[in-house]
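A.B. asks: return atomic coordinates for the entry below.
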Amino acid sequence: MTRHPDKRMARPVELCIVEGEQIAIVGDNAAGKSRLVDILTGRYPLLQNEVHYDFGPDAQPLVSDNLRYIAFRDSYGDKDATYYYQQRWNQHDIDDEMPRVDGKPIIALSSGEMRKYQLGKALRSKPRVLIIDNPFIGLDVENRQLLTSTLETLIREEGMTLILVLSKTDYIPTFITHVLPVEDLLVGEKTTREEYIASRKPLPCPMLPTELHDWIIGLPEKDLSAIPFYPKHGGEILRFNDVSIRYGERTILSHLDWTVREGERWALEGRNGSGKSTLLSLVCADNPQGYACNIELFGHRRGTGESIWEIKRHIGYVSPEMHRAYMKDIPAIDIVASGLSDSVGLYVRPRPEQRQQCTDWMRVFGIEQLADRTFLSLSSGEQRLCLLARAFVKDPELLILDEPLHGLDNKNRARVKEIIETFCQRRNKTLVMVTHYQEELPACVSKRLTLRKIDN
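C.D. replies: Residues are numbered from 1 along each chain as shown. Down below sits the predicted model:
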């Protein structure tokens with residue numbers, strides 16, 4: 001393959017992937033990994049027919065039926081906004097024609113369940129070349145192990161050629177034989193897995209510049225005593241009293257009791273499909289079943305007359321479901337500003353001081369240069385950083401972070417982890433975080449709630 005003559009792709013290179021090689025394409029967020037895959041799959045046109053596949057003199061040419069590409073963008077809908085943010089929780093709004101998996105509408109699948117479904121669908125066709133974008137993120141430990149074993153079997157018994165696109169490169173499966181680095185839209189030299197691992201340098205510590213750490217610590221403390229419904233220092237922020245959630249015959253949560261006090265830092269754990277995102281949707285008032293449950297937020301029973309928007313003012317939230325809902329191509333800074341009014345999209349133009357607030361938090365997350373870029377033109381990792389800045393922009397008292405490092409490269413994962421840790425050093429800050437990777441949890445997390453998947 002020779003490089004497309006982009007202004008940052010002026011130097012032609014030749015890439016050869018031979019039968020028996022299993023490739024990992026690695027690089028930072030926005031490095032150009034997806035662009036390279038688009039070239040390999042024919043989605044990004046070259047000036048000449050510069051991509052060739054050769055499986056030997058007796059092999060048939062590679063055609064679309066022999067190649068599968070799975071890109072895990074967190075989307076159920078499309079750019080026409082056929083999916084809206086709360087639709088997963090509003091089951092009565094789901095079209096009867098929507099595809100179902102094991103009896104559940106596809107929109108009701110968790111992030112990890114969606115990945116399992118897409119992978120299974122692709123693998124059933126037994127492709128000769130399979131390209132998978134970030135296959136392990138969103139999967140719990142057991143499903144990551146199962147996927148690894150399945151791919152090893154297909155390589156060994158079916159002779160499949162596998163190309164993985166990885167942002168998280170501290171784990172590269174042992175079945176990978178070669179690594180292809182991409183940086184700033186430049187394709188590097190293909191090396192063996194062992195050579196690549198040996199050449200990696202440790203990340204600098206800390207990843208968050210000192211001035212930004214100090215800026216977060218120095219943010220003014222809010223006068224919460226002026227808020228009628230807010231509990232006293234150390235009081236209950238959240239209480240679930242015998243909460244059960246069912247959709248038809250399916251039980252998601254069963255008789256759950258849980259109390260979170262101000263200043264506590266929780267890890268919410270459980271296998272794919274165990275109800276973690278459903279639980280958080282109840283906290284954030286996105287799930288209508290929350291009004292039929294005995295749930296207290298900031299010391300008040302849900303549904304007793306409090307304003308949803310007044311409650312949301314004190315909650316910063318990011319999740320795979322939220323990422324799915326952001327399909328409007330508006331400037332990145334407007335995405336961040338939408339967190340000030342808790343809108344999906346920007347409905348009120350921010351005042352100048354609010355715009356500065358957005359710029360400041362974009363600088364914290366290292367994306368201030370993206371302020372005027374439109375959201376859909378960003379890489380998936382850059383989009384996630386925008387949504388994280390959106391969650392922090394109003395300096396919330398309760399942070400709800402559902403797989404916040406999802407799709408981030410090693411540098412950004414380390415930086416965001418430090419941001420969370422620094423933010424939680426401040427008074428009156430409470431954290432609930434979901435991740436399937438224990439090393440992603442900040443050191444301040446000291447409490448855990450583990451959900452068990454209910455067999456229905």
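A.B. asks: show me where pLDDT drops low in this protein?
C.D. replies: Where the chain drops to pLDDT under 70, the residues are 1-13, 45-66, 71-108, 111, 228, 302-307, 343-349.
A.B. asks: could you pull out the helices for it?
C.D. replies: Ranges of helices within the chain are 33-40, 111-123, 141-158, 193-199, 210-217, 276-283, 308-312, 320-325, 332-337, 352-364, 380-392, 410-423, based on DSSP state H.
A.B. asks: can you tell which of those helices is closest to Leu224?
C.D. replies: In terms of C-beta to C-beta, the element of those nearest to Leu224 is helix 308-312, at 12.9 Å. Quick note: C-beta positions are derived from backbone N, CA and C, even for glycine.
A.B. asks: packing partners for that closest one?
C.D. replies: Helices and strands touching helix 308-312, as assessed by 3 or more C-beta pairs under 8 Å, 6 or more residues apart in numbering; DSSP states H and E, are absent.
A.B. asks: give me the contact list for that helix.
C.D. replies: Phe229, Cys284, Ala285, Leu297, Phe298, Asp342 (C-beta atoms under 8 Å, 6 or more residues apart in numbering).
A.B. asks: repeat that with 10 Å
C.D. replies: Helix 308-312 is contacted from outside by 227-229, 283-286, 297-298, 300, 302, 339, 341-343, 394, 396, 398, using C-beta atoms under 10 Å, 6 or more residues apart in numbering.
A.B. asks: show me what counts as buried in that helix.
C.D. replies: Residues of helix 308-312 classed as buried: Ile311, Lys312 (neighbour count, 16 or more other C-beta atoms under 10 Å).
A.B. asks: ok so, going back, in strands only, show me the contacts of helix 308-312.
C.D. replies: Assigned to strands by DSSP state E, the following of those qualify: Leu297, His300, Leu398.
A.B. asks: most neighbours among those, please name it.
C.D. replies: Counting by other C-beta atoms under 10 Å, Leu297 has the largest number of neighbours within the ones in strands among the contacts of helix 308-312, with 25 neighbours.
A.B. asks: pretty sure that residue sits against Thr259.
C.D. replies: No - taking C-beta atoms under 10 Å as the definition, Leu297 is not a contact partner of Thr259, at 11.7 Å.
A.B. asks: domains for the chain, by residue range?
C.D. replies: Here the domain assignment for the chain is 23-199, 210-451, based on automatic domain parsing.
A.B. asks: can you put the ones you listed in CSV and add distance to Glu14?
C.D. replies: Below are these laid out as CSV (distance: least, C-beta to C-beta, whole Å):
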stretch, distance to Glu14
domain 23-199, 10
domain 210-451, 26
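A.B. asks: quick check: which of those is buried the most?
C.D. replies: domain 210-451 (a mean of 18; mean count of other C-beta atoms under 10 Å).
A.B. asks: check the offset of stretch 390-398 from the chain's centre.
C.D. replies: Computed by C-alpha atoms, centre = their mean, to the nearest Å, the separation of stretch 390-398 from the middle of its chain amounts to 18 Å.
A.B. asks: which of the ones in strands among the contacts of helix 308-312 sits closest to Asp334?
C.D. replies: For the ones in strands among the contacts of helix 308-312, the nearest to Asp334 is Leu398 (24.0 Å; C-beta to C-beta).
A.B. asks: thought Gln369 was touching Leu385?
C.D. replies: No - look at Gln369 against Leu385 with C-beta under 10 Å: they stay out of range, at 11.5 Å.
A.B. asks: now do the shared contacts for the two.
C.D. replies: Taking C-beta under 10 Å, 6+ apart as the contact rule, Gln369 and Leu385 both touch Ala332, Met362.
A.B. asks: tell me the bridge partners for Gly316.
C.D. replies: Taking DSSP bridges as the rule, Gly316 bridges to Leu399.
A.B. asks: what about it, distance to Gly218?
C.D. replies: For Gly316, the distance to Gly218 equals 18 Å [C-beta to C-beta, to the nearest Å].
A.B. asks: ok, now Thr41?
C.D. replies: Relative to Gly218, Thr41 is positioned 48 Å away (C-beta to C-beta).
A.B. asks: picking up where we left off before, got JSON lines for the ones in strands among the contacts of helix 308-312, with distance to Cys424 too?
C.D. replies: Shown next, in JSON lines, are the ones in strands among the contacts of helix 308-312 (distance: C-beta to C-beta, whole Å):
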{"residue": "Leu297", "distance to Cys424": "19"}
{"residue": "His300", "distance to Cys424": "24"}
{"residue": "Leu398", "distance to Cys424": "11"}
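A.B. asks: against Phe240, how distant is Asp342?
C.D. replies: Using C-beta to C-beta, Asp342 is found at 22 Å from Phe240.
A.B. asks: let me fix that: Glu397
C.D. replies: Counting by C-beta to C-beta, the gap from Glu397 to Phe240 is 18 Å.
A.B. asks: then Thr422?
C.D. replies: Counting by C-beta to C-beta, the separation of Thr422 from Phe240 is 29 Å.
A.B. asks: ok, Ser380 next?
C.D. replies: Ser380 is 32 Å from Phe240, where distance means C-beta to C-beta.
A.B. asks: pull the contacting residues for the closest residue to Tyr317 other than its chain neighbours.
C.D. replies: Closest residue to Tyr317 in three dimensions, ignoring its sequence neighbours and counting by C-beta to C-beta, 6 or more residues apart in numbering: Ile400, at 4.5 Å. Residues near Ile400 by C-beta under 10 Å, 6+ apart: 238, 266, 268, 279-281, 283-284, 315-319, 391, 430-434.
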